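**Student:** give me a model of this one.
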Amino acid sequence: MKKTFGEYIRTLRNESELTLTQLAAKLDLDSANLSKIENGIREFDDKRLEKLADVFNLDLEKLKTEFYSDFIAKKLYEVDCDNQVLLLAEEKIKYLKQKNLIQGKLKF
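**Tutor:** Here you go, the predicted model:
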């Protein structure tokens, strides 16, 4: 997806013909905050991902992928990192998963 997560929410809302107020109520938000999320002024709270998935009947794991990829992209953009950081992060994730398998103790 080449949209921000807020733009993605707006698209879902419009396709479902929900108003800001209607969707905000379903997500336990006020419409002003939802508007800020859709416009990229405020971040969506990952604690509401399950509610969002339920409202639009979306796969939660795919929704998490959309959310966290947007989150990571924004953070890397803010600190002006090059793409090498993504390759290194991928290596570290593999390492942590392997370590977790061996130790059975790490939590993410």
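
**Student:** going by C-alpha atoms from here, please, whenever you check contacts or count neighbours.
**Tutor:** Will do.

**Student:** center of the chain - which residue?
**Tutor:** The structure's the chain has its C-alpha centroid closest to Phe67; by C-alpha atoms, centre = their mean the separation is 1.4 Å.

**Student:** could I get the full set of helices for this protein?
**Tutor:** Under the criterion DSSP state H, helices of the chain are mapped to 5-15, 20-26, 31-38, 49-56, 60-78, 84-103.

**Student:** can you put the ones you listed in a markdown table and add mean pLDDT?
**Tutor:** Output for the helices of the chain, formatted as a markdown table (pLDDT from 0 to 100):
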| stretch | mean pLDDT |
| --- | --- |
| helix 5-15 | 96 |
| helix 20-26 | 97 |
| helix 31-38 | 97 |
| helix 49-56 | 97 |
| helix 60-78 | 92 |
| helix 84-103 | 85 |
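
**Student:** picking that back up, list the contacts for the residue nearest to the centre of the chain?
**Tutor:** Phe5, Asp46 (C-alpha atoms under 8 Å, 6 or more residues apart in numbering).

**Student:** how about Arg48?
**Tutor:** Contacts for Arg48 were tallied using C-alpha under 8 Å, 6+ apart; they are Leu27.

**Student:** how far away is it from Leu60?
**Tutor:** When distance is defined by C-alpha to C-alpha, to the nearest Å, Arg48 is 11 Å away from Leu60.

**Student:** you'd agree Leu63 is up against Phe56?
**Tutor:** No: applying C-alpha atoms under 8 Å as the test, Leu63 and Phe56 come out as separate, 10.5 Å apart.

**Student:** which one's more surrounded, the two?
**Tutor:** Leu63 (16 against 13; other C-alpha atoms under 10 Å).

**Student:** and the more buried one, how far from Tyr8?
**Tutor:** 10 Å.

**Student:** which residue sits closest to Ile9, ignoring its sequence neighbours?
**Tutor:** Distances taken as C-alpha to C-alpha, 6 or more residues apart in numbering place Glu38 nearest to Ile9, at 6.5 Å, with adjacent residues excluded.
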